[in-house]
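Asks: Attaching a predicted model along with its sequence, questions to come.
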Amino acid sequence: MPKITLTGCQIICTGIVTADITLSNNSYILITGTVYSPTGKPLPNAAVEISFVDDSQIPPEEKILGVTFTLHDGSYGISLPRIGGKQYKLIAYSPA
């Protein structure tokens, strides 16, 4: 299973980080991650918004699928259907 780690500096310095990976042939994929603060501490109760992006249309169409929240250690996980040639977009928001 491919694993990508994005550092806080990558995200803070660029604002948006794109990571291209090849997924397995399973009908569903499990995306897991950990949300950290800029100082490197795990963020509990952070929101992770998941959107489906269809870039075959002009302009690309985005549809929000839902939101998940991080656990006490900043970790989250979500199972998503594998759709060939399409993209998912994840945005993390710090807790209030």
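Replies: Perfect, I can see it now. Residues are numbered from 1 along each chain as shown.
Asks: which element is Leu30 on?
Replies: Assignment of secondary structure by DSSP states H and E places Leu30 within strand 28-34.
Asks: looking at this protein, which residue lies furthest from center?
Replies: Ile58 (23.0 Å; Cα atoms, centre = their mean).
Asks: in a strand, that's where that residue is, yeah?
Replies: No. The assignment for Ile58 by DSSP: H, G, I helix; E, B strand; the rest coil gives coil, which leaves it out of any strand.
Asks: so where do the helices sit in the chain?
Replies: Secondary structure of the chain, counting by DSSP state H: helices at 8-14.
Asks: low pLDDT regions in it?
Replies: Within the chain, the set of residues satisfying pLDDT under 70 comprises 1-26, 85.
Asks: residue ranges of the strands in it, please?
Replies: For the chain, the strands defined by DSSP state E cover 28-34, 47-54, 61-69, 75-81, 87-93.
Asks: Listing partners with orientation, what would you give for the longest one?
Replies: So that's strand 61-69. strand 47-54 (antiparallel) (DSSP bridges).
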